[in-house]
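In: need coordinates for the following:
(one chain, ligands or ions: 3)
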Amino acid sequence: MTPSKLRPVHVFCTAVGLVGAVLLGVLVLLAPPSVHAFTGLAFLALAASVILGELFPLELPRRSGDGEVTVSTMFSFALVLGVGLLPALAAQLTASIVQDVAARKPLWQVGFNIGQYTLSLGAAAGVVHLILGHTLLTGHSLGAVELLAVMAAAAAFFSTNLLLVARATTLYVGTPYLDALRTDLGFGMSVSAVLLCLAPVLVTVLDASPVLFPLLYVPLLGVYAGGRQSVRTAKAEHMATHDSLTELPNRRWFRDAVNRAVTGRSLRNAGLLLIDLNRFKEVNDTLGHHHGDNVLRQLGPRIRAAFGEEDFVARLGGDEFAVFMPGADAASVEAAVDRLQDAVSAPVFADGISIEMDASVGLAWYPFHGGDVDTLLERADVAMYRAKTTQCQLVTYRPEDDYHSPMRVAMASDLRRGIEENQLVLHYQPQLDLALGVPVAAEGLVRWNHPQKGLVPPAEFIEVAEHAGLIKDLTYKVMELGLKDLREWQAAGRDLSLSLNISVRSLLDRHFPREVQRLLALHGVSGHALTLELTESSLMADPAMAKKAMNELSELGVSFAIDDFGTGYSSLAYLADLPVRELKIDRSFVMAMNTDSRNRIIVHSTIELARNLGLRTVAEGIEDVETFDRVRDLGCELAQGYYMSRPLPFNELERWWVASTTPVDAKLAAERRGGGVQQPVTRPAIA
Ligand code: C2E
Ligand code: MG
Ligand code: MG
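Out: Ligands and ions are numbered 1, 2, ... in the order given. As a prediction, this is how the structure comes out:
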């Protein structure tokens, strides 16, 4: 051990060893034992038992993990009582040194064990000597005073041993001393009481009828077998309630623990968190399950450490974890979620790559959102789903997000009727060609013209439509409306193309391409005027199937845009392989461009990236002239946003169009798009 590696535990253990050795030396010098003490039957029987006891520790299950108890101390304590301290030390120290050397323990640990046994047995012998003045095997019968002496000696042995061992362990592990004393006290006392109380029995039997001594091994063997069996049972129980990958408790344990907590009387309130890692599927798909497991193995303990000791943390399966926080309030949940995000976003290593993860968290409150574990889990799941779709880190349950809630079920049937009764309307938001300075396309955005609620925005019903199986009908209705309006525009001589948002369920529907073809033919418009917008995540749901449908539609002239680009986690390798013409940079990046340089960099590099892939870019969410100028200077092709126009009903778009383009502009634009010379472009005549 070099001085730089010298830790307090080494100093402490060495000191205990030295004190023990000095005490031993003094004892040998002052009261050297007679040879007779080492040749008597009692010594031989007990010393042999000490060695056996040291070699075969008793296994016992403990809450903090399996524990081992060395039964040798029972016999060495009996030696103290019946034969004397030095014979006891001779047997115990020989056994301990042999065992430590065989286990290749470092010198400071060997020294500590010598010191610890010398001091503990010395304390016991001192108490016996003080009370009785002699050992027990000297022809005296055992009376009340002897019993008192034995108990006092056992207490002295136990407490000296506990204080020394707990100090050494806490110095080694770095945990608080008092905590360790408190946790070890109960277990230590119960075991020591059994073992140490047997010692006077051993002594009496050896004194009176030594032939009976071997019989005392019978109950001991029973204790051994029982201990081993309970360790095995505890291990099986641990396996049934814990996840082997992360060593965290599993779903079964979590449900039981939460159920117990909510049926107990003391719980007033609690938070149940459902945590789902973002992009984990991508890690699994790209690096393989083996490395996915590796990531989970690294994150499990970090997730556990982000929460308090009183919180229940479990892995429910896959990349999903649950936490129950008894007595938590909003502030403590938020603080814990911050710690959690820090913990998961610190790099993890898989396949030699450093990966940074983050998580979506859904929260349900006990008893406000549910009184039992299943309801709480279900509601935290609804909140977690919302956290994922809105890209928030933490979302609290709201009944309106819950597709099982009566409110959502009622809304779904309302929407079904709304679709049938033509309550859906399309508003159009123009897209401006930044090089030409004129509007060239419009995005159709659906609204629900509800008889009582008025115009309902899509954010409030698209998700309901997705969950209620209404999205396909909704998409076809939107296409019908859009293509009908497009036809009118074209008939009026406006060279405009139309973008429509398509949900993944529609795209993956086998009949979709044929249905689009039918609708195009029905309204007499060419597929070349139609762009379908898909989000990254929808493409990743089933890339092969998406590609097939997109290829079929491309043959009709239909083109594709990736909507809200930058918010999903799509792999560029997939995107480059798809027939996509356009990237629509998500408005969250565009809107923050002027205030946040990182967003500026994201927008800039997305434009560059798109150009290198042969795609054009649309900047969404342009709200002011600075952003407009900036995206144009960065070479973005199209712009869309409130600065030019909010989404407008069909007839208002017509008026806007007339106001913002002169016939000459439109003609020039059409010519230039046909390949003419580009002119420097000014800002649009709108604001
Ligand atoms: P999106 O496709 O990304 O549409 C753009 C959204 O951004 C629209 O919201 C639009 O009003 C809003 N927006 C445009 N410019 C600005 C701006 O400068 N500032 C701000 N703050 N917002 C701007 P809207 O109409 O509420 O639509 C929301 C989303 O609903 C759409 O996002 C789209 O994902 C979905 N959606 C709309 N119509 C349909 C549809 O027919 N089918 C499907 N499946 N989804 C639709
Ligand atoms: Mg869109
Ligand atoms: Mg968008």
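In: in three-state terms, label residue 232 for me.
Out: Secondary structure assignment for residue 232 (DSSP: H, G, I helix; E, B strand; the rest coil): helix.
In: before we move on, what about residue 296?
Out: Applying three-state DSSP: residue 296 is helix.
In: that one: how many residues sit nearby?
Out: Residues near residue 296, counting by other Cβ atoms under 10 Å, number 24. For the C-beta atoms, the positions are set from N, CA and C on the backbone; glycine is no exception.
In: now do the one 3 residues further on
Out: The local packing of residue 299 (other Cβ under 10 Å) involves 24 other residues.
In: cool, and the one 10 residues further on?
Out: One way to gauge burial is a neighbour count; for residue 309, by other Cβ under 10 Å, it gives 5.
In: phi, psi for it please.
Out: For residue 309, the backbone dihedrals (degrees, to the nearest 10) come out as phi -70, psi -30.
In: how near is it to residue 544?
Out: Computed with Cβ to Cβ, to the nearest Å, the distance linking residue 309 and residue 544 is 47 Å.
In: minimum distance to ligand 3, which residue of the stretch 101-250 of the chain gives it?
Out: In the stretch 101-250 of the chain, the residue that lies nearest ligand 3 is residue 246 (37.1 Å; Cβ to the ion).
In: need the three-state assignment for that residue.
Out: With three-state DSSP as the basis, residue 246 sits in coil.
In: can you tell me how far the closest residue to it other than its chain neighbours is from residue 224?
Out: Nearest non-adjacent residue to residue 246, counting by Cβ to Cβ, 6 or more residues apart in numbering: residue 300, 2.6 Å away. Distance, residue 300 to residue 224, by Cβ to Cβ: 35 Å.
In: mind giving me the domain ranges of the protein?
Out: With domains defined by automatic domain parsing, the chain comprises 2-241, 251-401, 420-682.
In: just the strands in the stretch 51-200 of the chain please.
Out: 58-60, 67-69 (DSSP state E, counting those that start in this stretch).
In: winner for burial among those strands?
Out: Of all those, strand 58-60 has the most neighbours on average by mean count of other Cβ atoms under 10 Å, namely a mean of 19.
In: please name the strands paired to that one in the sheet, noting orientation.
Out: Applying DSSP bridges, strand 58-60 is found paired with strand 67-69 (antiparallel).
In: do the helix or strand where residue 534 lies and ligand 3 meet?
Out: Assigned by DSSP states H and E, residue 534 falls within strand 530-535. No - residues of strand 530-535 contacting ligand 3 under Cβ under 5 Å from the ion: none, with a closest distance of 7.1 Å.
In: biggest strand in the chain by residues?
Out: Ranked by residue count, the top strand of the chain under DSSP state E comes out as strand 438-450.
In: just how off-centre is it within its chain?
Out: Its chain's C-alpha centre and that of strand 438-450 lie 41 Å apart, by Cα atoms, centre = their mean, to the nearest Å.
In: ok, and the closest non-adjacent residue to the residue of the stretch 201-350 of the chain found nearest ligand 2?
Out: Using Cβ to the ion, the closest approach of the stretch 201-350 of the chain to ligand 2 is made by residue 278 at 21.9 Å. For residue 278, ignoring the flanking residues on the chain, the nearest one in space by Cβ to Cβ, 6+ apart is residue 358 at 5.3 Å.
In: tally of neighbours for that neighbour?
Out: When neighbours are counted by other Cβ under 10 Å, residue 358 comes out with 13.
In: quick revisit: residue 410: which of the domains of the chain is closest?
Out: Residue 410 lies closest to domain 420-682 among these, at 10.1 Å (Cβ to Cβ).
In: sec struct for residue 617, please.
Out: strand.
In: tell me who's in contact with it.
Out: 582, 583, 584, 585, 606, 607, 610, 611, 636, 637, 638 (Cβ atoms under 8 Å, 6 or more residues apart in numbering).
In: could you do residue 243 as well?
Out: Contacts of residue 243 by Cβ under 8 Å, 6+ apart are 249, 250, 300, 314, 315.
In: near ligand 1, which residues of the stretch 401-550 of the chain show up?
Out: 429, 445, 446, 457, 458, 459, 462, 478, 501, 503, 533 (Cβ under 6 Å from any ligand atom).
In: in ChimeraX, select just the buried ones from these.
Out: Buried residues among these (16 or more other Cβ atoms under 10 Å), as a ChimeraX selection:
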select :429,445,446,458,462,478,501,503,533
